[in-house]
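Chemist: With the sequence up front, the predicted model follows.
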Amino acid sequence: MAFDDIISATDNFDEKHCIGEGAYGRVYKAELEDKQVFAVKKLHPDDEDTVHDEERFQIEIEMLAKIRHRSIVKLYGFCCHPRYRFLVCQYIERGNLASILNNEEVAIEFYWIRRTTLIRDVAQAITYLHDCQPPIIHRDITSGNILLDVDYRAYVSDFGIARILKPDSSNWSALAGTYGYIAPELSYTSLVMEKCDVYSFGVVVLEVLMGKHPGDIQSSITTSKYDDFLDEILDKRLPVPADDEADDVNRCLSVAFDCLLPSPQERPTMCQVYQRLAI
């Protein structure tokens, strides 16, 4: 795969090949002559916040080059040309989790077994990141940054604001992440720790099971009484979980509310989360 292959496959980044867009730039689908397909994440060339975007770009290259996990998007290459700054990544067919949940036709095919499997996949991926030496904190675990393949298996993506925790240096940082997923303590401490990802994961779990962002429900329902709200919580586009599905769904809900505890010290680690989900 060469630079010219990507330019040719995207017709020099023609809009017809664009499959996604964010504040950083656009994502293009690139199908090469040998039928290999990649996702090409191209930064805007003249963004007002060029220095910030360049930093995100370099961070994402550094992070993806370090990690290898089935449930984390793979990096195959990158280009740092002044006119073209892009990452060549694994192409994941179904797009992001948020779009799946927002699509009525697709959401009803996203059965309970597929949803609980996805939750375990994501938990395992974040556990892997936190177990790296030194640990890697994603800082932006959201439904928009979790991709699904044709079999509805999950892939964590977008490491542009990730941080490596270094024991011999400060882990304080400017507030970053996506509103609705950010751990509450970050608004007053700005201390980046693993438990920030744990909180975001809890929000995503509720979103998967509810079929929509939970909003304020995480603060209004405690772990001791969420059973009373079970029928109200679960996505009504799907049938009530069968007996063989109900245990997994209940386990995921229990984990979610533990992840959303206000005190980071009371939240489980991602390793503990994955162990509970993998039973």
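Modeler: Nice, thanks for sending it over.

Chemist: All the strands of the stretch 51-200 of the chain, residue numbers only.
Modeler: Assigned strands in the stretch 51-200 of the chain, in chain order: 75-80, 85-90, 136-137, 146-148, 154-156, 163-164 (criterion: DSSP state E, counting those that start in this stretch).

Chemist: Dump the ones you listed into JSON lines; add distance to R251 as well.
Modeler: The C-beta positions use only the backbone N, C-alpha and C, and glycine is treated the same way. Shown next, in JSON lines, are these (distance: least, Cβ to Cβ, whole Å):
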{"stretch": "strand 75-80", "distance to R251": "33"}
{"stretch": "strand 85-90", "distance to R251": "29"}
{"stretch": "strand 136-137", "distance to R251": "25"}
{"stretch": "strand 146-148", "distance to R251": "19"}
{"stretch": "strand 154-156", "distance to R251": "17"}
{"stretch": "strand 163-164", "distance to R251": "30"}
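
Chemist: which stretches of the stretch 51-200 of the chain have low pLDDT?
Modeler: By pLDDT under 70, the low-scoring segments of the stretch 51-200 of the chain are 51, 166-176.

Chemist: Please tabulate the strands of the stretch 51-200 of the chain in a markdown table and include distance to M193 and mean neighbour count as additional columns.
Modeler: A markdown table is the format used below for the strands of the stretch 51-200 of the chain (distance: least, Cβ to Cβ, whole Å; neighbours: other Cβ atoms under 10 Å):
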| stretch | distance to M193 | mean neighbour count |
| --- | --- | --- |
| strand 75-80 | 25 | 16 |
| strand 85-90 | 27 | 22 |
| strand 136-137 | 7 | 24 |
| strand 146-148 | 21 | 25 |
| strand 154-156 | 18 | 24 |
| strand 163-164 | 10 | 19 |
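
Chemist: A98: which of the ones you listed is closest?
Modeler: Smallest distance to A98 across these (Cβ to Cβ): 8.3 Å, for strand 146-148.

Chemist: This protein: helices as residue ranges?
Modeler: Along the chain, the segments classed as helices by DSSP state H run 3-9, 50-66, 97-102, 104-107, 112-131, 194-210, 217-220, 230-233, 243-259, 270-277.

Chemist: got those helices as CSV, with distance to Y188 columns?
Modeler: Shown next, in CSV, are these (distance: least, Cβ to Cβ, whole Å):
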stretch, distance to Y188
helix 3-9, 44
helix 50-66, 23
helix 97-102, 28
helix 104-107, 36
helix 112-131, 23
helix 194-210, 13
helix 217-220, 16
helix 230-233, 29
helix 243-259, 20
helix 270-277, 23
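
Chemist: Out of the strands of the stretch 51-200 of the chain, flag the one nearest R26.
Modeler: Of all the strands of the stretch 51-200 of the chain, strand 85-90 comes closest under Cβ to Cβ, at 9.4 Å.

Chemist: Fine by me, we can end here.
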